[in-house]
Every structure is written in structure tokens, then in C-alpha cells.
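Novice: the following comprises the amino acid sequence and a computationally predicted model.
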Amino acid sequence: MNPYTLLEKHFGANRTGCEMVYRHSCMVADKALAIAQATGDLALDLPFIEEAALLHDIGVALVHAPKLNCFGNAPYICHGILGREILEAEGLPRHALVCERHIGVGLSVEDIAAQRLPLPSREMAPQLREERIVTLADLFFSKRPGELEREKSLDQVRADLGKFGIHKVAIFEGWLEELLPPQVHE
């Protein structure tokens, strides 16, 4: 399975959108692999982490995000569930769950209801360590043009998450404790 080939397939003629998502996803994959290696956990599935990171935003191909050159019908918040559908159809159920669960630090049924999000009412938070690693890595990178290669600081990530509540920052802090050596997140 070649992640770039899958992205090309689903972005179709939208080469610009595909390239932006791929560049972002490469940054996320590199960060995710660095986090995974820093854990010292030899049981982690590194090839899966890399593939999932490269495919986590495949659903962007179907959303309306003009800044990413994407002109689908779905709102951007739906890119996770759309990615899940795409990757399940491709026979990649584990990767599909990463797509669905990578939004922020995950979405709860309460988040979906309180924000009136156009999403199914179900828990969409990373469950497996590999899923948390990809999701954590994604928090450090934006897909905004001009910012694709810029890694956010810990404080910038905290500020971004804080817009959705202190409980989201607490989840992030818990992941830092779980996945990174103390000197990295202090």
C-alpha cells in the first residue's frame, strides 16, 4: 500500500489540494515517528504509525476548504469521518479509525452535541497508543498555506486547544506525560 498513491486516487485532478495535504501529512508522519521512538516502546507499530499519519487527512479531498483548493460539499469538520469511509472502502480499517479520531484531541458525544457538529453521535477519540501518537503529532502542524512546514510550539498548541475548553488542554498534557520525555514538554 502506497499512501501517496491513495491520496492521488481520492484527490483526483486536484493536484494542488493533494500536494498540500501530502506535505502536511509528511510533517505529521515525521513528528509521529519521532514521538514513537522517544517513547522507547518497542511494541509500537511504526509502519502503521507512518502510514496512518500520511493518510489521516485523506477525507479533506471531499470537503469544502477553498484555502486547500478543495471544493467538495461537506464541511471541513467532516473530513475525519469521510476519511474513515474512504479508508474502510480501501480495506484499511485501522487507518480509517485514525482518520475519524484525529480531530483535535478527539471528539466526544458531548462535544458533538454541544457544538451541534454535523457528525454522528459517537465517541471519536483516539483509543490506541498509535492513534494518540498520530493525533498528537498532527496538533503541531497546520495546513494553512505558508505555514505547512512551521511546527507550533507547545504553548501554541495549548492555546489552540484552550479555545475548546480546559479539558482539551488536560488531555493534551496527559498525552505529553504518556508519550514524551519530561524535558520535551516542560
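Specialist: Perfect, thanks for sending it.
Novice: contacts for the longest helix along the chain next, please.
Specialist: Scanning the chain for the helix with the most residues, using DSSP state H, yields helix 15-39. Contacts to helix 15-39, defined as C-beta atoms under 8 Å, 6 or more residues apart in numbering, come from residues 3-4, 7-8, 11, 44, 46, 49-50, 52-58, 60-61, 68-70, 129-130, 133-134, 136-138, 140-143, 145, 148-149, 151, 179-181, 184. Any C-beta I mention is one placed from the backbone N, CA and C, and that applies to glycine too.
Novice: so which of the residues you listed are in strands?
Specialist: In this view, these that belong to strands under DSSP state E are Cys70.
Novice: just the buried members of the contacts of helix 15-39?
Specialist: The neighbour-count test (16 or more other C-beta atoms under 10 Å) marks 3, 7-8, 11, 44, 49-50, 52-58, 60-61, 68-70, 129-130, 133-134, 136-138, 140-143, 148, 179-180 as buried among the contacts of helix 15-39.
Novice: sorry, back to before: same question for the longest helix of the chain, mean pLDDT?
Specialist: For helix 15-39, mean pLDDT rounds to 95.
Novice: in it, what's buried?
Specialist: By 16+ other C-beta under 10 Å, the buried positions in helix 15-39 come out as 17-18, 20-22, 24-29, 31-33, 35-36.
Novice: ok, of those, which one's closest to Asp111?
Specialist: Val28 (21.8 Å; C-beta to C-beta).
Novice: need phi/psi at His95.
Specialist: phi -60, psi -40 (degrees, to the nearest 10).
Novice: so which residue is dead centre in the chain?
Specialist: Nearest to the mean C-alpha position of the chain, by C-alpha atoms, centre = their mean, lies His102 at 4.1 Å.
Novice: what is the neighbour count of the spatially closest residue to that residue that is not a sequence neighbour?
Specialist: Leaving aside its chain neighbours, His102 sits nearest to Thr135 (4.6 Å; criterion: C-beta to C-beta, 6 or more residues apart in numbering). Per other C-beta atoms under 10 Å, the neighbour tally for Thr135 reads 26.
Novice: what about the helices in the protein?
Specialist: 3-11, 15-39, 46-55, 79-89, 93-101, 109-114, 129-138, 154-162, 166-179, 182-185.
Novice: right, and these - which one's nearest Glu123?
Specialist: Closest approach to Glu123 among those (C-beta to C-beta): helix 109-114, 6.0 Å.
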